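Asker: Next input, structure requested:
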Amino acid sequence: MGRSNYNGKTLYYIGLFLFVAGFGINITDAPEPFSLFVIPLMIVGLILLAVSSIYRKRKKDSE
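Answerer: A predicted model of the protein is given here:
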């Protein structure tokens with residue numbers, strides 16, 4: 001994460017939070033309305049984690 005800019009870091013942490021929230025709901029015995037959001041939360045989290053790698057600092061910005 002040291003080479004990412006602000007947008008990349010933001011997307012990374014939001015994606016990580018969504019993935020962990022979906023995974024946490026999945027392993028607990030959650031009520032029915034919450035268990036419907038498990039797979040979409042995990043998928044959106046993984047997509048945000050993948051997209052966050054696009055936002056990199058330019059070489060002249062990192063110097």
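
Asker: Is the spatially most central residue of the chain within a helix or a strand, and which one?
Answerer: By Cα atoms, centre = their mean, the chain has its centre lying nearest to G15, at 1.0 Å. Assigned by DSSP states H and E, G15 belongs to helix 6-27.

Asker: Go through that helix and flag the buried ones.
Answerer: Neighbour-count burial for helix 6-27, with 16 or more other Cβ atoms under 10 Å as criterion, is recorded at G8, L11, Y12, G15, L18, F19, A21, G22, I25. Bear in mind the C-beta positions are built from the backbone N, C-alpha and C, glycine included.

Asker: outside of that helix, which residues touch it?
Answerer: With contacts defined as Cβ atoms under 8 Å, 6 or more residues apart in numbering, helix 6-27 is touched by 1, 4, 34-35, 37-42, 44-49, 51-56.

Asker: Using ChimeraX, make a named selection holding only the buried ones among these.
Answerer: The ChimeraX selection below is limited to those of the contacts of helix 6-27 classed as buried (16+ other Cβ under 10 Å):
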select :4,37,38,41,42,44,45,48,49,52,55
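
Asker: Now, the contacts of helix 6-27 that are in helices?
Answerer: 34-35, 38-42, 44-49, 51-52 (DSSP state H).

Asker: Including pLDDT, could the buried residues of helix 6-27 go into a markdown table?
Answerer: Conversion of those to a markdown table gives the following (pLDDT from 0 to 100):
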| residue | pLDDT |
| --- | --- |
| G8 | 88 |
| L11 | 93 |
| Y12 | 93 |
| G15 | 95 |
| L18 | 94 |
| F19 | 94 |
| A21 | 91 |
| G22 | 90 |
| I25 | 86 |
